[in-house]
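Visitor: Predicted model and sequence below, questions to follow.
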Amino acid sequence: MAQSEPLYQRIAAGLREQIRTGQIKAGERLPTEQDLMADHGVSRNTVRLALGMLQNEGMVTSTPGRGTIVRERIMADYHATWAESRDRRASDQADAFQSEMAEQGRHAEYRDFAMSLEVAGPDFSKRLQVAEGEPVVSRGFIRYADNQPLSLQTSYYPMDIAREAGLVVPNDVAGGAIRAMAAVGHEEIGYRDEITARMPTPDEARKLQLGSGTPVIIYARTTFSDKRPLRLTLTTFASDRNRVIYELGDMRAYLAQEDADA
């Protein structure tokens, strides 16, 4: 390692390597600031710069009274290609997210459900093909797995579709919104996805319990019937604990290998 690197970067690199190789495991504490100062012969400010660098990378989290802890990095897989088509086949008790988490050995749940009416601005107007200023129905919640927040998800529906499908209610809908819409003649047959990344808002960071410097993935899906857009769903994923997967084309060779490894 180049000696011209600042001391705090060298200290951070050493700790990063210990975490990568498992010498310091998830859930364990890093050496205290006093220990790091003594080991490297540096000031407290230098040590704090090193720890701040790891925190900005999402590798550790600092909690008053507990010190600096290595973060658990269990990735949740979201198969965007077929997740919601599975939702239409799922039972009333298990939607797409719950089914996918169960296959990964994790317990899924929704918390903090909220339904509201919002005014369509230019973006929603274009995506949902409704007039600007018209009301749209918003239904959202926080998705958890094993008591860890994974993502925020809010879906927006044109008012007429939401009314017909019984979505203008302040509670979950048995069987899910996708099947509720299909039951009244609004079946989803097409999807347009957009994926971007940015830093979280303070509210997103709080709800997702994000460490400083951890970005979010914004997954926007607009769905269509054969006549019109049906919904816009915005999912805000914590980037340090989610993996969005697309499987395109003929996947027989991959699936055969998956079966062999099972």
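Guide: Yes, it's here.

Visitor: which residues in the stretch 51-200 of the chain form helices?
Guide: 83-89, 96-103, 122-128, 159-165, 177-183 (DSSP state H, counting those that start in this stretch).

Visitor: for the record, mean pLDDT for the first one?
Guide: What that stands for is helix 83-89. Averaged over helix 83-89, pLDDT sits at 55.

Visitor: Then the last one?
Guide: This predicted structure assigns helix 177-183 an average pLDDT of 93.

Visitor: quick one: that helix to chain centroid distance?
Guide: Between the centre of helix 177-183 and the centre of its chain there are 24 Å (CA atoms, centre = their mean, to the nearest Å).

Visitor: helices or strands up against that helix?
Guide: helix 83-89, helix 159-165, strand 229-238 (3 or more CB pairs under 8 Å, 6 or more residues apart in numbering; DSSP states H and E). Every C-beta, even on glycine, is put in place using the N, C-alpha and C of the backbone.

Visitor: low-confidence ranges in the protein?
Guide: Scanning the chain with the threshold set as pLDDT under 70 gives 1-3, 84-94, 262.

Visitor: can you pull out the strands in it?
Guide: In the chain, the segments counted as strands under DSSP state E are 60-63, 67-70, 76-79, 108-119, 135-145, 148-158, 190-198, 216-224, 229-238, 242-245.

Visitor: looking at those, which is closest to L15?
Guide: strand 60-63 (8.2 Å; CB to CB).

Visitor: helices or strands up against that closest one?
Guide: In terms of contacts (3+ CB pairs under 8 Å, 6+ apart), strand 60-63 is packed against helix 44-56, strand 67-70.

Visitor: Go through the shortest one and flag the buried ones.
Guide: Judged by neighbour count (16 or more other CB atoms under 10 Å), strand 67-70 contains these buried residues: 67-70.

Visitor: now, among those, which is nearest to G140?
Guide: For these, the nearest to G140 is I69 (30.1 Å; CB to CB).

Visitor: Any idea what the closest one is bridged to?
Guide: Beta-bridge partners for I69, by DSSP bridges, are R29, T61.

Visitor: That one and E247: what is the separation?
Guide: Distance, I69 to E247, using CB to CB, to the nearest Å: 35 Å.

Visitor: Next: F113.
Guide: The value you get for F113 to E247, if CB to CB is used, is 30 Å.

Visitor: Just name the most buried of the helices and strands packed on helix 177-183.
Guide: strand 229-238 (a mean of 23; mean count of other CB atoms under 10 Å).

Visitor: That one versus strand 148-158: what angle between them?
Guide: Per axes from the mean of the first three to the mean of the last three CA atoms, to 10 degrees, the angle that strand 229-238 makes with strand 148-158 is 160 degrees.

Visitor: Report the angle between strand 229-238 and strand 135-145.
Guide: Angle between the axes of strand 229-238 and strand 135-145 is 40 degrees (criterion: the same axes, to 10 degrees).
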